[in-house]
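Visitor: 3D, please:
(chains A and B)
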Number of protein chains: 2
Amino acid sequence: MDDPALNLLAEDYSLLTDLYQLTMSACYVGEGIDGRRASFELFVRQLPHPFGYLIAMGLEQALEYLEQLHFTPAQIAQLRATGLFERAPETFWTLLETARFTGDVWAVPEGTPIFANQPILRIEAPLWQAQLVETYVLNAINYQTLVATRAARMRDLTGSDCKLLEFGTRRAFSPQASLWAARAALAAGFDATSNVLAAFKLGEQPSGTMAHSLVMALCALQGSEEAAFSAFHRYFPDAPLLIDTYDTLEAAKRLAQQVKLGKIQLSGIRIDSGDLVSLSQQIRQLLPDISIFASGDIDELEIVRLQTAGASIDGYGVGTKLVTGSPVNGVYKLVEISDIPTMKQSSAKATFPGRKQVFRRVENGTLVADRLGLATEAPEAGEQPLLQQVMHQGDRTLTRESLSTLRQRTAQNVSQLPASARRLDGAIAIPVKISNSLQQLTQDVERSLAASYV
Amino acid sequence: MDDPALNLLAEDYSLLTDLYQLTMSACYVGEGIDGRRASFELFVRQLPHPFGYLIAMGLEQALEYLEQLHFTPAQIAQLRATGLFERAPETFWTLLETARFTGDVWAVPEGTPIFANQPILRIEAPLWQAQLVETYVLNAINYQTLVATRAARMRDLTGSDCKLLEFGTRRAFSPQASLWAARAALAAGFDATSNVLAAFKLGEQPSGTMAHSLVMALCALQGSEEAAFSAFHRYFPDAPLLIDTYDTLEAAKRLAQQVKLGKIQLSGIRIDSGDLVSLSQQIRQLLPDISIFASGDIDELEIVRLQTAGASIDGYGVGTKLVTGSPVNGVYKLVEISDIPTMKQSSAKATFPGRKQVFRRVENGTLVADRLGLATEAPEAGEQPLLQQVMHQGDRTLTRESLSTLRQRTAQNVSQLPASARRLDGAIAIPVKISNSLQQLTQDVERSLAASYV
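Guide: As a prediction, the model looks like this:
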């Protein structure tokens, strides 16, 4: 093992791919078709339950990967040493030695709502390059799109006054997942992350309260929960106090008394267990002027339940159910090769052929219709094409966007969705109309594929 | 943004923590208790549904993190620049400058089945260090334990002849998640991963077949699916062919004919869609001597369904449902400080106080009973203590274990579990008996906490 910690080095990323991307590339070289112009599109076949939309996210990481893609001599030697490529053409190795990504990329802007079968991204590149990058590009976009969608739904239902804090690092699926989750959550409307490294890398201020362990340690050493609270406030006077280590209401009552006597200044408290509805209401009565934060298995449905039941909560710390769970199952499919449109006909997994564009119609601030057409079609009056060119011949044409740009875009886009798509459960996605040209092309390709079996 | 790709550098890991670990540490320094000996234990409150056991995994990454922990001057400057630590004692920064992890670690070996409330790991260290490392240690162990448990369950139900291949990279929650998932899956019984980087870092051979895109591209350019198969076999004659791009049975029939005519040598095929039961049976009739691999939303329940329905499948490519989903919700709780046992009493989240040990009794090759006791208790006759010391004063005492060691340990351990715990659904965990001493201590601590409110 070269790297026991399974750390990722910047140069590692070219090998962060499925083996078959490399074996297929070698085959393309052998067949002399590696340079053929190929277009692949990334999309979901259906929206994951219970989402009525997805917020596209992760393009930035995909572009950075494409820009930096190259193979080191050591990596090439490692690949050769597997023995798996014994019959691969020697020119395959020559290709890898100088390989760079030289293709074009089209994508919907991060923060855009998308629906089933709509391309989030299209890569047009020499066949072997477009093939090789599949694994990483899917990895980047699938995960951040999941987190961004959840974050956008939570922000949508809480309104802008509620504090939404990303607390998921301990449950995220690896350290890097925690960084990507923090980015996607902040870009889609969260206020802050507790992850110090993520906050620094994103140019943000990290956020946090205190843990039960501090209360327990100071209670054991200094004799009381109040001692723990006082100690923490000596150094962090604005920090919310976590009051549910032993008896939540008892702690709130004592704090209320101290506030009344002017002994402490209290900006907020956090509760992480118990009946959050009744506790928050009782705490509000005792401490009317402070912020009440709740945490512990919070998700969209729990927030709605708490709101409906009349909980008095000013902010949520959201972890597990933001950063883990069922994935967005984006796929990446060949839609055109050397100007020949292609499609897959596998049972229940058929795809639309050809390079496509999404034409979106927003009227009076509401998204009223989406049309999936060919990239060569012109928009009809009032339609906006969603996919924009973000990379040209391997060079980015999209400059990096700030988190605040993404936050604003996400918020504005979500506000344009009809209420039916924004429902937390039983949401109904915007119906996607298939353009006449795309319908025609689909029939033509089906017919020609059928003919190839005659 | 310093590092746009959100890559992780080796030195980044000290900031890969929740802000409150650092603010609490600063508070401990201010109160003069940062050096007090503290013991934290990592465990799950309950087994995640539908598991009847968990396979502990991720200790290796946790130990590597602990060994390497340090803060660079730049990181300390970044922390200061947040302004959040304005009132923190100056000695906090002095502490960070020379900080190393100097504690002891006790843990169950990777590959060991564990149950609710049993410590997977205990850290005994100066309070601030034991506090600071919580976030990373949970991150490392929660995720790998999830993947290892799933992998062990799949291996258990398929038996050793079935090929289990880890194909999850495109759906994993970040690139690093794909590396950790590959490690945990291989350690718990999978045969191989498709992830090239993971395989190389783990000293393994990557594995893979081919994708629909190759069939589609070559079909478009060379006119037929057979041309695609021939092309791929020219360079990778042993590679299984993916035969469901257009018409699975049609492809199998043509291949059978070519095999019969001696035109190709075929070792295996993969199907990724359709009715896997009837397709695999029909393919077996056409091509009796080849390996049939299935992929596409495979998990434990789907494997059982296929087996029960009489599918003829020799191996599975498992992705999404191995590497994503609901997490293992491990927690990390203070159990002792300066020889004073502590516990949390939050509603439904109470913990057992004191440093603990798991005493396991295996009779005639079957795990018959677990007893959760105090670390100071002696094992009874026939009991084995599970937690072993793996780090002493910051130095590892456990040398890195090979994947094959972990595979063997996992397989042997799972074979010792009673059938009730190995059930895929409705599994029943081993009942964990609480020792008399631990019961007594729990009552004592509860009483003393109650007294502190009088």
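Visitor: A:Q416 and chain B, how far apart?
Guide: For A:Q416, the distance to chain B (CB to the nearest CB, to the nearest Å) stands at 28 Å. All C-beta spots, glycine's among them, are computed from the backbone N, C-alpha and C.
Visitor: shouldn't that residue be in contact with A:L367?
Guide: Yes: between A:Q416 and A:L367 a contact is recorded at 4.8 Å, counting by CB atoms under 8 Å.
Visitor: look up how far chain B lies from the residue located most distally from the centre of chain A.
Guide: In chain A, counting by CA atoms, centre = their mean, A:L261 sits farthest out from the average C-alpha position, at 47.1 Å. Distance of A:L261 to chain B, computed by CB to the nearest CB: 19 Å.
Visitor: and that residue, what does it touch?
Guide: For A:L261, no residue meets the contact criterion (CB atoms under 8 Å, 6 or more residues apart in numbering or on different chains).
Visitor: re the thing from before, between A:Q416 and A:L367, which has more neighbouring residues?
Guide: Counted by other CB atoms under 10 Å in any protein chain shown, A:Q416 and A:L367 do not tie: A:L367 has more neighbours, with 20 against 17.
Visitor: helix or strand: which one has that one?
Guide: Assigned by DSSP states H and E, A:L367 falls within strand A:366-374.
Visitor: sorry, back to before: next up, phi/psi of the residue farthest from the centre of chain A, please.
Guide: Per-residue torsions, A:L261: phi -80, psi 0 (degrees, to the nearest 10).
Visitor: neighbours around the closest residue in space to A:G35 that isn't next to it in sequence, how many?
Guide: Residue nearest to A:G35 in three dimensions, not counting chain neighbours: A:P126, with 4.7 Å by CB to CB, 6 or more residues apart in numbering or on different chains. Neighbours of A:P126 under the rule other CB under 10 Å: 21.
Visitor: and A:P126, what's its pLDDT?
Guide: With respect to pLDDT, A:P126 scores 98.
Visitor: likewise A:I33?
Guide: Looking at A:I33, its pLDDT reads 98.
Visitor: returning to that earlier point: residues of the following helix or strand past the strand holding A:L367 that come out buried?
Guide: On the C-terminal side of strand A:366-374, the closest following helix or strand by DSSP H and E is strand A:383-385. Within strand A:383-385, the residues scored as buried using 16 or more other CB atoms under 10 Å in any protein chain shown are A:E383, A:P385.
Visitor: what does strand A:383-385 contact?
Guide: A:Q357, A:V358, A:F359, A:R360, A:R361, A:V362, A:R371, A:P379.
Visitor: pairing partners for it, with directions?
Guide: strand A:356-363 (antiparallel) (DSSP bridges).
Visitor: how near is the residue nearest to A:G35 to A:D104?
Guide: 11 Å (CB to CB, to the nearest Å).
Visitor: tell me the secondary structure at the residue in the stretch 201-350 of chain A that chain B sits nearest to.
Guide: As assessed by CB to the nearest CB, chain B sits closest to A:G208 within the stretch 201-350 of chain A, at 3.6 Å. Under DSSP: H, G, I helix; E, B strand; the rest coil, A:G208 falls in the coil class.
Visitor: what residues does A:T209 make contact with?
Guide: By CB under 8 Å, 6+ apart, the contact list for A:T209 reads A:A239, A:P240, A:L241, A:L242, A:G268, A:R270, A:F293, A:G317, B:Y20.
Visitor: element containing the first one?
Guide: Assigning secondary structure by DSSP H and E places A:A239 outside every helix and strand.
Visitor: can you pull the pLDDT of it?
Guide: We have a pLDDT of 95 for A:A239.
Visitor: dump the residue contacts of it.
Guide: A:A239 touches A:G208, A:T209, A:M210, A:F232, A:H233, A:S267, B:T23, counting by CB under 8 Å, 6+ apart.
Visitor: what's the answer for the second one, then?
Guide: A:P240 makes contact with A:T209, A:M210, A:S267, A:G268, A:I269, A:R270, A:S291, A:F293 under the criterion CB under 8 Å, 6+ apart.
Visitor: redo that, cut-off 6 Å
Guide: Contact partners of A:P240, counting by CB atoms under 6 Å, 6 or more residues apart in numbering or on different chains, are A:T209, A:G268, A:I269, A:R270, A:F293.
Visitor: can you give the strand pairings for the host helix or strand of the third one, parallel or anti for each?
Guide: In other words, A:I269. A:I269 belongs to strand A:268-271 when assigned by DSSP H and E. Using DSSP bridges, the strands paired with strand A:268-271 are strand A:241-242 (parallel), strand A:291-295 (parallel).
Visitor: tell me which residue is most central in chain A.
Guide: A:Q144 (1.5 Å).
Visitor: so where's chain A shaky on pLDDT?
Guide: Applying pLDDT under 70 to chain A picks out residues A:1-7, A:346-349, A:452-454.
Visitor: and the longest helix for it?
Guide: Criterion DSSP state H: the longest helix present in chain A is helix A:134-158.
Visitor: strands along the stretch 351-454 of chain A, start to end?
Guide: Taking DSSP state E, counting those that start in this stretch as the test, the strands found in the stretch 351-454 of chain A are A:356-363, A:366-374, A:383-385, A:388-392, A:395-396, A:432-434.
Visitor: get me the contact residues on the stretch 151-300 of chain A for chain B.
Guide: For the stretch 151-300 of chain A, the contact set with chain B under CB under 6 Å from any CB of the partner chain comprises A:169-171, A:173-177, A:179-180, A:194, A:196-197, A:200-201, A:203, A:206, A:208-214, A:216-217, A:220-221, A:231-232, A:235-236, A:244-246, A:273-274.
Visitor: buried ones among those?
Guide: Buried members of those, scored by 16+ other CB under 10 Å, are A:169-171, A:173-177, A:179-180, A:194, A:196-197, A:200-201, A:206, A:208-214, A:216-217, A:220-221, A:231-232, A:235-236, A:244-246, A:273-274.
Visitor: among the residues of the stretch 151-300 of chain A next to chain B, which lie within helices?
Guide: Those of these mapping onto helices are A:175-177, A:179-180, A:196-197, A:200-201, A:212-214, A:216-217, A:220-221, A:231-232, A:235, per DSSP H.
Visitor: what's the nearest residue to A:I55 if we skip its chain neighbours?
Guide: Counting by CB to CB, 6+ apart, the nearest residue to A:I55 once its immediate chain neighbours are dropped is A:A148, at 4.1 Å.
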